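# please work out how this folds:
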Amino acid sequence: WVARALFAAGMCYEKLKQTEQARKVYKELVEKFPTERITNKAKERLAGL
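As a prediction, the model looks like this:
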């Protein structure tokens with residue numbers, strides 16, 4: 001559930017136009033939870049920032 005919470009936080013930061021904070025959260029998710037399915041979505045979001 002932590003990976004999902006990080007992804008949700010990243011989405012919130014994006015909506016608030018806090019791109020750098022969103023990038024930080026997505027990177028943390030990718031580094032700490034490389035095998036979670038949601039990690040691929042985080043990578044996609046990172047690529048779009």
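# middle-most residue in this structure, spatially?
The chain has Tyr26 as the residue nearest its centroid, 2.6 Å off, counting by C-alpha atoms, centre = their mean.
# thought that one was touching Cys12?
No. Counting by C-beta atoms under 8 Å, Tyr26 sits too far from Cys12 to count as a contact (11.8 Å). Yep, even glycine has a C-beta here, placed from its N, CA and C like the rest.
# residues in contact with stretch 34-49?
3-4, 6-7, 10-11, 14, 19, 22-23, 26-27, 29-30, 33 (C-beta atoms under 8 Å, 6 or more residues apart in numbering).
# same question, stretch 15-33
With contact meaning C-beta under 8 Å, 6+ apart, stretch 15-33 is reached by 2-3, 6-7, 9-11, 13-14, 36, 38-39, 42-43, 45-46, 49.
# send me it as PDB with only the CA atoms.
Taking C-alpha atoms only, stretch 15-33 is exported to PDB below (Å, rounded to 0.1, in the frame of the first residue of the first chain):
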ATOM      1  CA  LYS A  15      -2.200  18.600 -10.000                       C
ATOM      2  CA  LEU A  16      -0.900  21.300  -7.700                       C
ATOM      3  CA  LYS A  17       1.800  22.100 -10.300                       C
ATOM      4  CA  GLN A  18       4.600  21.100  -7.900                       C
ATOM      5  CA  THR A  19       6.500  19.200 -10.600                       C
ATOM      6  CA  GLU A  20       9.800  18.900  -8.700                       C
ATOM      7  CA  GLN A  21       8.000  17.400  -5.600                       C
ATOM      8  CA  ALA A  22       6.100  15.000  -7.900                       C
ATOM      9  CA  ARG A  23       9.300  13.900  -9.600                       C
ATOM     10  CA  LYS A  24      10.900  13.300  -6.200                       C
ATOM     11  CA  VAL A  25       8.000  11.100  -5.000                       C
ATOM     12  CA  TYR A  26       7.900   9.100  -8.200                       C
ATOM     13  CA  LYS A  27      11.700   8.500  -8.100                       C
ATOM     14  CA  GLU A  28      11.300   7.300  -4.500                       C
ATOM     15  CA  LEU A  29       8.600   4.900  -5.600                       C
ATOM     16  CA  VAL A  30      10.700   3.500  -8.400                       C
ATOM     17  CA  GLU A  31      13.800   3.100  -6.200                       C
ATOM     18  CA  LYS A  32      12.100   1.500  -3.200                       C
ATOM     19  CA  PHE A  33       9.400  -0.600  -5.000                       C
END
